[in-house]
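Just to be clear, the model below is a prediction. Sequence and coordinates:
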Amino acid sequence: FRVYGIVSRATFAMTSKGFINFNNAGLSTEQADRIWMELRKAIVQIQNLNAHELRFEELYRNSYTLVLHKHGDLLYTGVKQTVKENLLKVSSVVSNTVNTQLLEVIVKNWEEHKLVMTMIQDILMYMDKTYCLLKKKEPVYSMGLLQFKDHVIMEGQVPKRIKSLLLEAIHRERTGHGVDRLLLKKCISMLVDVNVRNTDVYRAVFEDDLLNTTAQFYQNESQNFMAENTVSDYLKKIERRITEEETRAGAYLDKTTHPKLRDVVQRELITKYARQLVENKSTGCVHMFAHDKVEDLRRMFRLFSRVPSTLEHIRNSMSCTVKESGTAIVKDTENQKHPKFFVKKVLDVRKKFDTFVKKAFNEDRSFTRDLKESLEYFINLDSRAARYLSHYVDDMMRKGLKGKSAEERDRLLQDVISIFRYLSDKDVFEDFYKKHLASRLLTDNSGDREDEKTMISMLKAECGHQFTSRLEGMFNDIKISTDMMSDFRNQRRENANDTDINVTVLTTGFWPLHNTENCNLPVEARTAADAFGAFYKSRNSGRRLTFQTHSGTAEILCHFKRGKKLLAVHTYQMCILMLFNRAERYTFAQIQKLTNIPEKELGRHCLSLAHPKVKVLRKHPNSKKLGPDHTFTWNDDYTSNLYRVKIPLMSIKSDIKETKVPPTVEEERKNRVEVVIVRVMKTRKTLDHNSLMSEVMKQSLRFSVKPIFIKKRIESLIEREYIMRDKSNRGVYHYLA
């Protein structure tokens with residue numbers, strides 16, 4: 001019962017019943033003592049839990065009177081002593097209680113004591129607000145709690161017994177036994193609250209030893225469990241343990257203990273064994289990666305995320321595994337022979353570990369970055385990777401996308417782009433892709449032009465318009481040529497007996513063309529070519545049209561004893577076969593003179609026509625070797641089950657040693673670096689060597705460039721007087737306008 005009213009007069013006297021009469025003018029020491037004795041009796045009644053007959057309003061007025069008339073010391077000291085006397089009795093009871101009942105008894109007395117002090121505080125509220133504040137004394141309620149600490153909790157062996165019982169209960173719960181969590185919560189709350197302003201008692205009596213015993217418990221358990229179980233089982237075990245500890249902490253431990261306990265548990269179960277868990281040879285990360293243990297890796301990542309520094313072990317393991325797998329792919333001679341297998345295996349590695357990053361590692365940025373760097377590392381170990389990727393796309397565009405849905409096609413193209421992103425030598429890929437695309441377009445051997453355009457759009461999105469401008473130009477040439485040929489054929493309709501010709505006009509600079517001497521076309525083909533040439537010039541004055549006879553194809557109708565056959569051949573083979581309209585036998589030297597075909601190419605095409613599986617021509621002597629006097633004879637007995645027969649072309653070994661970077665790409669790299677150097681120097685006018693090197697390295701060049709390469713280009717520009725060295729300091733360059 002709380003009283004907040006203030007009396008209107010300060011004069012009073014004691015009545016026969018012991019209450020204040022506010023008609024007297026003063027308060028002597030004797031009167032004050034009598035008032036205190038009445039208050040003391042009431043406090044004792046409260047301590048005995050027999051306060052139902054007390055009149056709290058009168059008690060409040062009595063305490064108010066004592067404080068108002070400067071008898072606060074008497075009141076405060078008396079209350080403190082009365083509380084102490086009662087707590088000494090409680091202490092005796094607690095000390096004599098057996099361990100099995102100690103926690104229950106002390107908690108019961110603690111809760112009764114708090115109730116008692118709350119009721120006493122209500123009576124002495126005015127003293128708390130005035131006397132205690134002025135004299136800097138502990139408020140009555142806090143003073144009571146501190147006395148409970150001094151005379152009950154910290155008395156004799158009681159703190160050790162409390163600690164022992166609490167730790168024992170927690171140990172029993174950790175080993176699978178049931179405990180009274182409510183009792184533990186009340187006891188721990190008592191230790192937290194009893195010191196009023198801090199938790200020193202809680203830490204000294206319980207928390208410090210809890211953390212130490214927890215560390216020891218999990219240290220022993222983890223050592224034994226690690227020695228007897230797999231990494232997967234250990235991870236499941238510690239995940240369960242951590243969950244149990246968090247539940248336990250939330251159930252009855254103080255909130256200030258939660259982070260400390262968590263750190264201890266994580267240190268003993270995770271931090272100490274993180275490297276060992278990851279590097280375990282039989283069941284660690286390498287095993288999990290090899291056997292697609294996504295769930296185990298997810299659990300490991302989830303647990304290790306509690307201690308972020310340990311995630312580095314998983315990332316390092318992933319990076320090493322990717323690099324080792326990729327290096328094996330690069331060095332596998334079978335993959336070098338079959339570019340398609342190389343790219344497919346690289347895609348498999350990327351897909352596999354990308355799945356781990358997404359599903360197991362929660363798409364963590366650091367894991368995504370490390371995977372990207374690892375893929376870049378092994379893909380760029382050999383610059384032929386760019387060539388292999390282009391071969392893979394070529395095969396896919398020719399036949400790999402047939403019969404697939406739009407979604408599947410888009411996914412396959414995206415896979416190519418994903419590998420393309422990792423290439424440091426993108427210019428090498430561009431060079432080979434351009435050659436392959438040209439071949440597909442000129443031979444009309446592309447599965448779907450829309451797929452080709454989609455691929456170019458993706459490359460454009462990755463590298464910009466400059467990277468794909470030539471490729472787009474090639475498509476534009478094909479479209480213009482198609483329209484032009486339609487007009488040309490409409491013009492020649494009246495001459496139905498003319499040789500049909502199909503010309504694709506290629507813009508120099510867009511197409512990977514090689515300047516070679518033209519062969520001598522047969523009269524029929526030359527007449528048709530001249531007719532188109534005249535038509536083209538009539539529409540495009542001022543342009544020069546050059547026929548690339550080494551790149552064309554032809555279909556010729558041949559008459560054999562057993563019937564007609566339509567042979568699909570190379571332009572060179574057409575020139576060779578048309579000779580046999582005039583004679584049945586020619587020597588190799590005669591064919592070369594009449595056709596003007598380069599010797600190496602001529603041998604390749606003649607042998608293809610005389611191949612044992614073809615035999616359109618007969619060679620004498622019948623061998624792969626060629627001599628000027630070796631003869632080729634028309635085989636009138638040639639036969640085939642097909643009417644239209646495509647003559648395959650023999651492949652020949654090149655005398656040119658295969659280089660990592662094609663000569664054309666190497667030359668273009670020189671030009672690009674020189675352009676960058678000149679552009680930088682033109683802007684800056686004067687630069688020292690290191691600054692110039694740094695500026696060039698910052699530029700986006702689509703290929704990896706080494707300092708020695710840049711240095712050589714600087715020297716070349718100095719020789720050609722684009723820049724010059726400073727006369728007094730050779731490490732400084734000046735731009736020459």
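That came through fine.

from here on, contacts and neighbour counts on C-alpha atoms
Noted.

Output the longest helix belonging to this protein.
If you go by DSSP state H, the chain has its longest helix at helix 465-491.

Helices of the stretch 301-450 of the chain, start to end?
311-331, 333-337, 339-355, 365-379, 384-395, 406-422, 426-442, 449-463 (DSSP state H, counting those that start in this stretch).

circling back: and the helix or strand that comes right after the longest helix of the chain, how far out from the chain's middle?
For helix 465-491, the following helix or strand on the C-terminal side (DSSP states H and E) is helix 523-539. Offset of helix 523-539 from its chain centre (CA atoms, centre = their mean, to the nearest Å): 59 Å.

Give me the buried positions along helix 523-539.
Going by neighbour count (16 or more other CA atoms under 10 Å), the buried part of helix 523-539 is Ala525, Ala529, Phe532, Gly533, Tyr536.

cool, stretch 51-58 as well?
For stretch 51-58, a neighbour-count test (16+ other CA under 10 Å) marks Ala51, Phe56, Glu58 as buried.

what's the closest of those residues to Gly326?
Ala51 (84.3 Å; CA to CA).

For the closest one, which non-adjacent residue is closest in space?
Spatially, and ignoring its direct neighbours in sequence, Ala51 is nearest to Gln45 (5.7 Å; CA to CA, 6 or more residues apart in numbering).

hmm, back to that, state the pair within the buried residues of helix 523-539 that is farthest apart.
Ala525 and Tyr536 (16.4 Å).

re the thing from before, could you check the angle helix 449-463 makes with the longest helix of the chain?
Calculated by axes from the mean of the first three to the mean of the last three CA atoms, to 10 degrees, helix 465-491 forms an angle of 150 degrees with helix 449-463.

what's the average pLDDT for helix 465-491?
The average pLDDT within helix 465-491 is 87.

Same question for it: list its buried residues.
467-468, 470-475, 477-478, 481-482, 484-485, 488.

now swap in stretch 189-201 and tell me
Neighbour counts over stretch 189-201 (16+ other CA under 10 Å) mark Ser189, Met190, Leu191, Val192, Asp193, Val194, Asn195, Val196, Thr199, Asp200, Val201 as buried.

can you tell me which of the residues you listed are in helices?
Using DSSP H, those in helices are Ser189, Met190, Leu191, Val192, Asp193, Asp200, Val201.

The longest helix of the chain vs helix 426-442, what angle?
Going by the same axes, to 10 degrees, helix 465-491 is angled at 10 degrees with respect to helix 426-442.

for helix 465-491, packing partners?
Packing contacts for helix 465-491, counted by 3 or more CA pairs under 8 Å, 6 or more residues apart in numbering; DSSP states H and E, involve helix 426-442, helix 449-463.

run the last query once more with 6 Å
Helix 465-491 sits against no helix or strand, with contacts defined as 3 or more CA pairs under 6 Å, 6 or more residues apart in numbering; DSSP states H and E.

Run the chain-centre distance for that helix.
Relative to its parent chain, helix 465-491 has a centroid offset of 43 Å by CA atoms, centre = their mean.

Hey, what's the angle from it to helix 523-539? Just curious.
Going by the same axes, to 10 degrees, helix 465-491 makes 110 degrees with helix 523-539.

Okay, the residue nearest in space to the middle of the chain and Asp425: tell me how far apart.
Nearest to the geometric centre of the chain sits Thr368, at 1.4 Å (CA atoms, centre = their mean). Distance, Thr368 to Asp425, by CA to CA, to the nearest Å: 22 Å.

Adding pLDDT, write the buried residues of helix 523-539 out as TSV.
Supplementary listing: the buried residues of helix 523-539 in TSV, determined by pLDDT from 0 to 100:
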residue	pLDDT
Ala525	89
Ala529	89
Phe532	89
Gly533	88
Tyr536	89
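
count of neighbours near Asn99?
If you count neighbours by other CA atoms under 10 Å, Asn99 ends up with 16.

got it, and the one 10 residues further on?
The local packing of Asn109 (other CA under 10 Å) involves 18 other residues.

Over to it. Which of the three states is it?
Under DSSP: H, G, I helix; E, B strand; the rest coil, the three-state class of Asn109 is helix.
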